[in-house]
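Student: Curious how this folds, go ahead:
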Amino acid sequence: MNDRCENLSAVAAPLADRKLPSLAAALHAATVRDRLVEHLPESELDGGAPGIELLKHTPGKRCVIAYDFATRHGRRRVIGKLYRRERGQAIFANMRKLWQAAQCATPRFHLPRPLAYVAEWGMVLQEAAPGIRADYLLHHGTFAQTVAATARNLAALHRLDLDLESRNTLALHLQKYCHPGLEHLMADLPEARRRLAALAAQLLSDGSLAAMKRCPVHGDLGLTQIFHAEDHVSFIDFDGLCRSHAALDLCNFIIVLKTHLGRASDRMIALFLEQYDRLRPLGEIEGVRQYQALIYLRRAMIAWRHRLDRDWRAQALACLTAAEHALDQRRSFSDRHPAKVSFHLFGERA
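Tutor: Residues are numbered from 1 along each chain as shown. This is a model prediction of the structure:
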């Protein structure tokens, strides 16, 4: 693959991005090769420009690019994540801490090795995750193995002794995940204004989580953040890494399973919780009701952002009902056997 942007294969290459001024350079093969030589000297590049694959571009926020190049030891694939301003610097610092903590942890937590931070571009360089992305395995016969390995890797993450500056509360999660704000949903869904306001007020006034134990959390674990290779999975995309409550990751992933598998998800959820419980007791997990409600509110906002869809209102209202039901629950993981945990789903999108 040459250095012409129009030949990039994964998604259409952008002509420019004002908030990502280094994007053009990051897509130019000859320029990229010089940067790789500078920041990855151990690679021993064996001449030639790297192949470039534009994987994902979120205008004004980030861009993910894969670089394939030859070394004296064979082919190598490196992922570059380009961020606006200096955001990548903090993300890289957290990934380095996470990688270092994972090396001496038992059980082992798996993630791609962070390699370098290209300050002049605002780019994080990391190894490519081995294996197959979990969403491609969803209807494969090995998906149960993927779910079990995901539970073990998540429990390993939550067990890590990792000091992070970012320590997010439920209120901060609500602000982040319901961007640009519930008031926009209220304006376009006036029949649910009072219900949305009451639900948000209930979450924000709930001080029960303030003194509860926190741990490192991924913050946005879905199928596209999981790669399955042989007997383990690796997680990617640690933009939301922080110290918070384990229930955030658990509830988010369980609702992802319910969204994709519907009624067929019960067996996978039971397997997921059973495997997690073996490494980190579910009785320690607090805030299940609150974080279920948060995830459903987030999905209501996703429906609003897709409001050109004809059924967005029905989807948003279904998510709101699910959030209300979640807060009405009086039991948590610690009150019942993992296989009996029930998570309500009312047709929201993944």
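
Student: Can you show me the CA trace of stretch 172-183 as PDB?
Tutor: Extracted in PDB, the C-alpha atoms of stretch 172-183 (Å, rounded to 0.1, in the frame of the first residue of the first chain):
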ATOM      1  CA  LEU A 172     -19.000  12.400  36.600                       C
ATOM      2  CA  HIS A 173     -20.000   9.200  34.700                       C
ATOM      3  CA  LEU A 174     -23.500  10.600  34.200                       C
ATOM      4  CA  GLN A 175     -22.000  13.800  32.800                       C
ATOM      5  CA  LYS A 176     -19.700  11.900  30.500                       C
ATOM      6  CA  TYR A 177     -21.900   9.100  29.200                       C
ATOM      7  CA  CYS A 178     -25.000  11.200  28.700                       C
ATOM      8  CA  HIS A 179     -23.200  13.800  26.600                       C
ATOM      9  CA  PRO A 180     -24.200  16.400  25.500                       C
ATOM     10  CA  GLY A 181     -26.700  16.300  28.400                       C
ATOM     11  CA  LEU A 182     -30.100  15.000  29.300                       C
ATOM     12  CA  GLU A 183     -31.700  18.400  28.800                       C
END
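
Student: could you pull out the strands for the stretch 51-200 of the chain?
Tutor: Assigned by DSSP state E, counting those that start in this stretch, the strands in the stretch 51-200 of the chain fall at 51-58, 62-71, 74-83, 114-118, 123-127, 132-133.

Student: Please list the residues outside the fifth one that contact it.
Tutor: So the one you mean is strand 123-127. Residues external to strand 123-127 that are found in contact with it (C-beta atoms under 8 Å, 6 or more residues apart in numbering): 22, 26, 39-40, 77-83, 88, 91-92, 95, 112-118. Where you see a C-beta, it was placed from the backbone N, CA and C, and this is true even at glycine.

Student: Quick one: closest of the strands of the stretch 51-200 of the chain to residue 45.
Tutor: Residue 45 sits nearest to strand 62-71 of all the strands of the stretch 51-200 of the chain, at 5.8 Å, using C-beta to C-beta.

Student: got the angle for the closest one vs strand 51-58?
Tutor: Computed by axes from the mean of the first three to the mean of the last three C-alpha atoms, to 10 degrees, the angle separating strand 62-71 from strand 51-58 equals 170 degrees.

Student: Give me the contact list for strand 62-71.
Tutor: Residues from elsewhere that reach strand 62-71 (C-beta under 8 Å, 6+ apart): 10, 14, 17, 20, 23, 26-27, 32-33, 36, 43-57, 75-84, 128, 239.

Student: filter the residues you listed to the buried ones?
Tutor: Buried by 16 or more other C-beta atoms under 10 Å: 14, 17, 20, 23, 26-27, 32-33, 36, 43, 45, 49-54, 57, 76, 78-84, 128, 239, out of the contacts of strand 62-71.

Student: This completes my enquiry, with thanks.
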